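A.B. asks: model the structure of this input:
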Amino acid sequence: MSGLIRFKLSFMMFLEFFIWGSWFVTLGTYLGKNLNATGAEIANIFGTQSWGAIIAPFIVGLIADRYFNAERILGILHLVGAGLMYLMYSAGTAGEFFPYVLGYMILFMPTLALVNSISFRQLNDPEKEFSGIRIWGTIGWILAGLAISFVFAWDSGESIEAGALRNTFLMASIVSAVLGVYSFILPSTPPTKSAGDNSSVSDILGLEALQLLKDKNFLIFFISSILICIPLAFYYQYANPFLNDIGMQNPTAKMTIGQISEVLFLLALPIFFKRFGFKNTILIAMLAWALRYVMFAYGDAGQFSFMLLIGIALHGICYDFFFVAGQIYTDAKAGLKYKSAAQGLISLATYGVGMMIGFWAAGLIADHYTSIKETNIAQFWQQVWVIPAGIAVAVMAFFFLFFKSEKVES
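C.D. replies: Down below sits the predicted model:
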């Protein structure tokens, strides 16, 4: 692979995740503080990510794989997305905001698969080369958070009250337009299938991999994957509003500690995987999930602020030791025939079904404790965070009891 192609792919990844990180992290804070959204409204808006994840395979499988070059579809999706993001920037109420974000997420979620597809088609040795490309996406997400806190100071208390977080959507719109135009100079990535390919809907969605659920261990892992995404949704939906409410300075920048941790623990994963095995690696991830929320429940922005920072840093273990380890396990269990289908099925179950349930539950719980929030903000958040901690412990117990240890080749 030439240096020019490596640069093009790396910059594509950087822009892709800069866009996502520039508005999604602070979305919950913006909705609550500036649009006065209820917990249910916030849940519905975050749930658009799940709808996007469910619909994405149809866009990629029915259009990108058959009719048009992937880089051209990527460009069109981001150009249209830039317009929708501007409408989100202009929206004045949660009700007005919802259809724009729904349309945007339906278009954005397929781009996550498209940037991977474009990259893999250009790599000679994807197993060795892809991580060097993908890491620029994480760098993009981190720099977006640092820019919000340290360059623009949009997430400071006074700025939030003045509606400065609205500018995150404008920034995302501009960068989305840049990526949309830039996509047309990316390496050519033509369709992999003919327009007349008669693959069924079950093929496109990876439903043929359902046969793997006949394996008891994989079934337990599959159920656990859905269930653990319920507490994960609490973090995405409420971590930033929580840190703002309790008075942490530069919360968006500090949340990038989670992405830095993700890079570090990704390097440590093979060591843990080899030494402790798949089951114990997953259990460590689930324990980290529970500990994260305990840290959030009992930490504060004063003398116990270290607990909040530890909770954020645990994101690397939570994500890498579960999702990446789970991808390795799924790949090993699926075999050659079902590799792609199985990964698609797990993504549909987690980012689609699991997180949709989690967003709904988080909104329901936040609304339930609204009366406490009006009188004691610290107690409100403590009540919110102990629930996903308990869910994570329950899922960990379920996985520990019913999943039988087995050797998995990474």
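
A.B. asks: buried residues, the helix or strand containing residue 347. List them.
C.D. replies: According to DSSP states H and E, residue 347 maps onto helix 325-347. Using 16 or more other Cβ atoms under 10 Å as the burial criterion, the residues of helix 325-347 that qualify are 325-326, 328-334, 338, 341-347. For glycine as for every other residue, the C-beta is placed from the backbone atoms N, C-alpha and C.

A.B. asks: what are the ranges of the helices in the stretch 101-250 of the chain?
C.D. replies: All helices of the stretch 101-250 of the chain, identified by DSSP state H, counting those that start in this stretch, fall at 126-146, 157-161, 167-182, 201-205, 216-245.

A.B. asks: who are the packing partners of the third one?
C.D. replies: Contact here means 3 or more Cβ pairs under 8 Å, 6 or more residues apart in numbering; DSSP states H and E; on that basis helix 167-182 packs against helix 3-21, helix 70-90.

A.B. asks: buried ones in the longest one, by neighbour count?
C.D. replies: Spelled out, that is helix 70-90. Residues of helix 70-90 classed as buried: 70-75, 77-79, 81-89 (neighbour count, 16+ other Cβ under 10 Å).

A.B. asks: for the stretch 51-200 of the chain, what are the low-confidence residue spans?
C.D. replies: By pLDDT under 70, the low-scoring segments of the stretch 51-200 of the chain are 60-62, 64-65, 127, 192-200.

A.B. asks: can you rerun that using 90?
C.D. replies: 53-70, 110, 113-114, 116-117, 120-121, 123-132, 134, 157, 189-200 (pLDDT under 90).

A.B. asks: re the thing from before, for residue 118, find the nearest of the helices of the stretch 101-250 of the chain.
C.D. replies: Proximity to residue 118 (Cβ to Cβ) singles out helix 126-146 among these, at 9.9 Å.

A.B. asks: for residue 161, which residues are in contact?
C.D. replies: Counting by Cβ atoms under 8 Å, 6 or more residues apart in numbering, residue 161 makes contact with residue 33.

A.B. asks: meant to ask about residue 301, not that
C.D. replies: For residue 301, the contact set (Cβ under 8 Å, 6+ apart) comprises 243, 246-249, 308.

A.B. asks: let's see it at 6 Å
C.D. replies: Applying Cβ atoms under 6 Å, 6 or more residues apart in numbering to residue 301 gives the contacts 246-248.

A.B. asks: helix, strand or coil for it?
C.D. replies: coil (DSSP: H, G, I helix; E, B strand; the rest coil).

A.B. asks: report how many residues lie close to residue 104.
C.D. replies: 26 (other Cβ atoms under 10 Å).

A.B. asks: what sits against it?
C.D. replies: 81, 84.

A.B. asks: hmm, residue 46 is touching residue 239, no?
C.D. replies: No. Counting by Cβ atoms under 6 Å, residue 46 does not reach residue 239; the two are 11.9 Å apart.

A.B. asks: what about the two, which has more around it?
C.D. replies: residue 46 (26 against 23).

A.B. asks: show the pLDDT at the more buried one.
C.D. replies: As predicted, residue 46 sits at a pLDDT of 97.

A.B. asks: and it, how far is that from residue 39?
C.D. replies: Distance from residue 46 to residue 39, counting by Cβ to Cβ, to the nearest Å: 11 Å.

A.B. asks: which secondary structure elements does the longest helix along the chain contact?
C.D. replies: The single longest helix within the chain, with elements called by DSSP state H, is helix 257-298. If you count contacts as 3 or more Cβ pairs under 6 Å, 6 or more residues apart in numbering; DSSP states H and E, helix 257-298 packs onto helix 126-146, helix 305-313, helix 315-319, helix 377-402.

A.B. asks: now tabulate these in JSON lines and tack on mean neighbour count and distance to residue 55.
C.D. replies: Converted to JSON lines, the helices and strands packed on helix 257-298 look like this (neighbours: other Cβ atoms under 10 Å; distance: least, Cβ to Cβ, whole Å):
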{"stretch": "helix 126-146", "mean neighbour count": "18", "distance to residue 55": "22"}
{"stretch": "helix 305-313", "mean neighbour count": "19", "distance to residue 55": "31"}
{"stretch": "helix 315-319", "mean neighbour count": "24", "distance to residue 55": "23"}
{"stretch": "helix 377-402", "mean neighbour count": "18", "distance to residue 55": "26"}
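
A.B. asks: which of those helices sits closest to residue 272?
C.D. replies: With Cβ to Cβ as the measure, helix 315-319 is the member of the helices and strands packed on helix 257-298 nearest residue 272 (9.2 Å).

A.B. asks: hmm, who's touching the closest one?
C.D. replies: Identification of contacts with helix 315-319 by Cβ under 6 Å, 6+ apart yields 258, 261-262, 264-265, 285, 288-289.

A.B. asks: pick out the most distant pair among those.
C.D. replies: Pairwise distances across those peak at 17.7 Å for 264 and 289 (criterion: Cβ to Cβ).

A.B. asks: okay, these two: which has more neighbours?
C.D. replies: Neighbours per residue (other Cβ under 10 Å) separate residue 264 from residue 289, with residue 289 holding more: 29 against 12.

A.B. asks: how about the more buried one, what does it touch?
C.D. replies: Residue 289 is in contact with 231, 318, 392, counting by Cβ under 6 Å, 6+ apart.

A.B. asks: from residue 275, how far out is the second one?
C.D. replies: Read that as residue 318. For residue 318 relative to residue 275 (Cβ to Cβ), the value is 19 Å.

A.B. asks: same thing with the last one?
C.D. replies: Look at residue 392 and residue 275: by Cβ to Cβ, they are 23 Å apart.

A.B. asks: ditto for residue 92
C.D. replies: For residue 92 relative to residue 275 (Cβ to Cβ), the value is 54 Å.
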